[in-house]
Every structure is written in C-alpha cells, then in structure tokens.
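# missing the sequence, but the structure's below:
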C-alpha cells in the first residue's frame, strides 16, 4: 500500500527567456511511515516537487495522491517545514506558533495549548514556550517550526532543507533530534536536501534528482540500522554511491 | 537626557537674543516672562481648556483618518480594481496642503469643530492609506504559505496573520498621521475655530501683541506633540513590534 503517490508529474515555469521545465515526468511512491529523502543539486526541481506535493504549485500534468485521495491545493493532511527561519510568526510566542494550526481547526484554547506544549516537549523546547521567535537561535526556531507542523497531526511531513542554514554542529544535533521525533511519531516524511550525508543519516530511501529538466536519476534504499553511525564504512559507501549518481550527470553533459 | 540638553541650548540662545535689547520686549519676551504667562494660564485652567479642545479635534480627525486609511489601504492591497481606482485619486489629492481645504470646509460647514476635524482628517489620511497599503503588500510570503498550509482562510488569515504582519507599517503610519494631524489642527484652528483651541489662542493673541501668550501656547503645542510621539507611540511600539523583534531599537 502506498501513502503518497506521485504519478508522472510535470511542471513548466514561464520565464522571460521562455518556458523552462521545472520537473518532468516524475513518479514515485512512499510506504506509510517511510522517511524519503530527495537529493539533488540546486535547480534540480526538488523544492518545486515538494511545493507541488504541498499544494503551493499546481502541476501541468500528473497527479498527487495521499492515502489514495487525489490532492489539489494545500490542506491540513500535510505539515510543512521550510528552510527559512523567518517562517515562524514573530508576533506569536513559540507556543502560539505551535498552536496556530489547531486554532484554525477550532480546537479550544486550553486543549490546543496542552497539545502545543506536548509538541514543544517532543523537540525539547518546553522551557521556551513563552519566548518570541527572535529570542530563539536558528536551530531552536527550526525545532519550533517542526513542532508547529506536527501539532495538528498531519499524515505527512514535508521538509524543505530545514537545516541547510544552520552551522554543522547544530545540524548534526538537529538530525539526531529529527530521527527521534520521526521514530516517536511515525509520520511519512518527504525531506528535500542537497546534503548527501544528511540523506543517508535520515532516510529509508533516497531519490536522486538531476536538473534540466528535473528528473529522477536513481533510487537508493538505505539499509542501515538506526541510530546510524556516520563514520561507519557502510555509511560512507552509501554516501559515495549517491555522490556517484550526482556527478555522473555532470560528466555526461 | 540628550533631548533636554539640546532644548536647554536652544533656550539659552533665545534668552540672549531676548535680553540683547535688539527687539522690543513686548515682541520678544524673555523666557521667565513667557513662563509666568504659561503658569498663569495653566493655573486658571484656560490653557487646559484650549489644549483639550485641540486634542479633541485632533483625535476625532485622527480616528476617522485611521479607520478610513486602514480600510482603504487593506482594500487597495487586496483588490487590483480598488487599487487602480483609488491610487490616482491619492496621488492627486495628497500634494494639496490640508490647510488649503480649510476655507472650503468653512464655506461648507461653517466655523467650528466640523471644518477643523475635516482638515485634520485630510492631513492624517494619506500616511495611513499609503503605509497600510505598502505594509499589506510587504507581508512575508512565507507566513502566508505557512498559515495557508495550516488552514488559515479569509477572515482568520486577515486578522491573525495579515494584520499583525502589517503592524510595523501601520504603527509608523499612525505616527506620521499624528504628526501631520497635530500640525494641521493648529493651522486649521487659526482659520476655522472660534474662541477655543491652541491655534486660535495664538491667532487671537496677535491682535493684542501678546507675544508671551503665543510663545506659551507654542510651548504647550510642542510639549503635547513630544509627549505623544515619545510616550504614546513609543509605548505602542515597545508593546508590539519591538517586543516581537519585527522592529529593533537602533544600536547605541
């Protein structure tokens, strides 16, 4: 059984220099609770693809199904985390941000704040519930964003390079935390990154995309026990394998 | 503290000129003389009466302008048709000094509060319209996406995302509107008010060569303007956009 199904999705951008294909003929599917990473260089259409799944962009062709139902537009069945720290609402506290989706759903105040606090605990930020985003570090803000996307209990979590703007040490810590959160919540995750090591650390399966136009180059299941050791030989082998897929295209051009 | 120093320095220069004997004492009264007049007008309540009339007119006009400017600004940002219709009107009307309308309003509504409030409304509307319009178009698209993904639509999206996201611009608009309103009200009172208001006091004092009354009223006008600018709007900013980190205090 598939959870997310992407069938033959194509999207074309209209630019001043003519029509540029963003993604062409992309198809894949995920199992429920699968952690899927999409890796590729900038311009390979991975963020475009994520935005299509999120419903921010409508594909020219193809369809998206979640839990068997075709989706158009955005909805509460998908939680989204962006790369930019500025995604949080600065006028709301961490708790207020996390409770936003529940508030839109009409959940009563006491209940939604209890749930939001629970989500903050999951990302280890319950002590900062009353803090405004500008008082939090970049890593903390991204953790609030993850808690916010999980709070209204979507079936799917979509993440667009959420840790790309963090320093290397914080990024490692965040990856460990995300792996824990995923194990605790068992969400289906589609995670876009250009960082090969990050993909090997997090994913059940990695989809490699190449640009001009954005197409799927390879699919690599990562068969390593968790928690994963980034210094193990097998881990490094997977990294090499992914890098090979990414660079071959460059040589061929 | 710095503000007090610069005010004291300016006062000292004035005092030297006033005591220098170059001008008639009745025309350029010394500061102690002005202070005595000010004190007398404060003590018998006349100054408070005038100040209250002026404040009433300014806030009536400002409240109208703020409501009108917010609604029109948001509508212009929201709808292309509204923007296309009102933008040329704003461009044509904005450069006309609000005081130039005073005689027209007097002709239509007679001397008194209505004409004065309308002049204030005219002066204060444009900063509100333009700032709200700009602010609503400058909302971070990521907030709209995140809010949309979390199910915010229509009125909820407007009140819980667009309005707070626009608040730095709206507060700046209010500040500018207050300044323009405060400038306009004094001028309008000279032309349109009768018997009450700080502007009227100054204009009336001219007839009797009461320079001390004029200067005392000017001091009150400056003090009230300063108090609102620093205290009211400063406090509003600190409680909202500065607390949220959307606007930061300048580094020392």
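Received, thanks. Note that the structure is a prediction, hence the values are computed from the model and not measured.

# next, residue A:146: secondary structure please.
Using DSSP: H, G, I helix; E, B strand; the rest coil, the structure places residue A:146 in helix.

# burial count for it?
For residue A:146, the neighbour count with other C-beta atoms under 10 Å in any protein chain shown is 24. In short, each C-beta sits where N, CA and C put it, glycine included.

# how about residue B:71?
The burial count for residue B:71: 13, using other C-beta under 10 Å.

# and it, backbone torsions?
phi -60, psi -50 (degrees, to the nearest 10).

# the closest residue to chain A within the stretch 1-150 of chain B - nearest residue in space that isn't next to it in sequence?
Closest approach between the stretch 1-150 of chain B and chain A, counting by C-beta to the nearest C-beta: residue B:150, at 3.8 Å. Sequence neighbours aside, residue A:101 is the residue nearest to residue B:150 in space, at 3.8 Å (criterion: C-beta to C-beta, 6 or more residues apart in numbering or on different chains).

# still on that earlier bit, what residues are up against the residue of the stretch 1-150 of chain B closest to chain A?
Neighbour list for residue B:150: A:76, A:100, A:101, A:104, A:148, A:152 [criterion: C-beta atoms under 8 Å, 6 or more residues apart in numbering or on different chains].

# residue A:29 in helix, strand or coil?
strand.

# quick one: classify the residue nearest the centre of chain B as helix, strand or coil.
What sits nearest the mean C-alpha location of chain B, by C-alpha atoms, centre = their mean, is residue B:178, with 2.0 Å. Secondary structure, three-state DSSP: residue B:178 is helix.

# mind listing what it touches?
B:58, B:62, B:124, B:228, B:229, B:233.

# tell me the pLDDT of the second one.
Per-residue confidence for residue B:62 comes out at a pLDDT of 95.

# quick one: buried residues of the host helix or strand of it?
Residue B:62 belongs to helix B:46-78 when assigned by DSSP states H and E. For helix B:46-78, the neighbour count (16 or more other C-beta atoms under 10 Å in any protein chain shown) marks B:47, B:50-51, B:53-62, B:64-66, B:69-70, B:72-77 as buried.

# for the closest residue to chain A within chain B, phi and psi?
Across chain B, no residue is closer to chain A than residue B:245, which sits at 2.7 Å (C-beta to the nearest C-beta). Main-chain torsions, residue B:245, degrees, to the nearest 10: phi 70, psi 10.

# quick check, it in contact with residue A:136.
No - with contact defined as C-beta atoms under 8 Å, residue B:245 does not count as touching residue A:136 (10.0 Å).

# what's the pLDDT at whichever residue of the stretch 1-150 of chain A sits closest to chain B?
For the stretch 1-150 of chain A, the residue closest to chain B is residue A:134, as judged by C-beta to the nearest C-beta, at 2.7 Å. Residue A:134 carries a pLDDT value of 94.

# cool, and the one 4 residues further on?
Per-residue confidence at residue A:138 stands at 93 (pLDDT).

# the nearest residue to it once chain neighbours are set aside: how many residues sit nearby?
Closest residue to residue A:138 apart from its sequence neighbours, by C-beta to C-beta, 6+ apart: residue A:85 at 5.1 Å. Using other C-beta under 10 Å, residue A:85 has 21 other residues around it.

# how about the contacts made by residue A:85?
A:133, A:138, A:141, A:142, A:165.

# ok, residue A:185 - contacts?
Contacts of residue A:185 (C-beta under 8 Å, 6+ apart): A:122, A:150.

# so it versus chain B, what's the distance?
Residue A:185 sits 17 Å away from chain B, going by C-beta to the nearest C-beta, to the nearest Å.

# so residue A:86 sits against residue B:142, correct?
Yes - at 5.9 Å, residue A:86 counts as touching residue B:142 under the criterion of C-beta under 8 Å.

# run through the helices of the chain in chain order.
You didn't say which chain, so I picked chain A. Under the criterion DSSP state H, helices of chain A are mapped to A:46-54, A:94-105, A:109-122, A:138-151, A:168-185, A:196-202, A:233-252.

# um, chain B though
Using DSSP H, the helices of chain B run over B:2-19, B:31-43, B:46-78, B:80-93, B:102-109, B:113-137, B:141-149, B:154-157, B:163-192, B:198-207, B:211-227, B:234-239.

# okay, those helices, which one's buried deepest?
helix B:113-137 (a mean of 24; mean count of other C-beta atoms under 10 Å in any protein chain shown).

# could you give the angle of that helix to helix B:80-93?
130 degrees (axes from the mean of the first three to the mean of the last three C-alpha atoms, to 10 degrees).

# burial count for residue A:219?
So residue A:219, with other C-beta under 10 Å, has 12 neighbours.

# that one is in contact with residue A:203, isn't it?
No - counting by C-beta under 8 Å, residue A:219 stays clear of residue A:203, with 10.7 Å between them.

# and residue B:213, how far from residue B:225?
19 Å (C-beta to C-beta, to the nearest Å).

# also residue A:61?
Counting by C-beta to C-beta - residue A:61 and residue B:225 are separated by 63 Å.

# quick check: closest non-adjacent residue to residue A:111.
That would be residue A:102: by C-beta to C-beta, 6+ apart, it lies 7.7 Å from residue A:111.

# okay, now the one you found: neighbour count?
The burial count for residue A:102: 25, using other C-beta under 10 Å.

# ok, residue A:193 - contacts?
A:37, A:38, A:39, A:161, A:164, A:199.

# PyMOL command for the buried members of those residues?
Command for PyMOL that selects the buried part of these, burial taken from 16+ other C-beta under 10 Å:
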select buried, chain A and resi 37+38+39+161+199
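
# taking the contacts of residue A:193 one by one, which sit in strands?
With DSSP state E as the criterion, strands contain A:37, A:38, A:39 from among these.

# check contacts around the second one.
Residues in contact with residue A:38 (C-beta under 8 Å, 6+ apart) are A:46, A:49, A:50, A:190, A:191, A:192, A:193, A:206, A:207, A:209.

# just list whatever residues bridge to it.
For residue A:38, the beta-bridge partners are residue A:192, residue A:207 (DSSP bridges).

# pLDDT at it, what is it?
Taking residue A:38 on its own, its pLDDT is 95.

# distance of it relative to residue A:61?
Taking C-beta to C-beta, one finds residue A:38 at 19 Å from residue A:61.

# and for the first one?
Noted for residue A:37: a distance of 25 Å to residue A:61, by C-beta to C-beta.

# need the contact list for residue 128.
Using chain A. A:94, A:120, A:136, A:140, A:144.

# oops, chain B please
Contacts of residue B:128 (C-beta under 8 Å, 6+ apart): B:65, B:66, B:68, B:69, B:70, B:73, B:170, B:173, B:174, B:177.

# which residue is the nearest non-sequential neighbour of it?
residue B:69 (2.4 Å).

# show me what the residue nearest to the spatial centre of chain A is bridged to.
Nearest to the mean C-alpha position of chain A, by C-alpha atoms, centre = their mean, lies residue A:159 at 1.7 Å. Beta bridges link residue A:159 to residue A:81, residue A:191 when assigned by DSSP bridges.

# give me the neighbour count for the closest residue to residue B:245 other than its chain neighbours.
Counting by C-beta to C-beta, 6+ apart, the nearest residue to residue B:245 once its immediate chain neighbours are dropped is residue A:134, at 2.7 Å. Neighbourhood size, residue A:134 [other C-beta under 10 Å]: 15.
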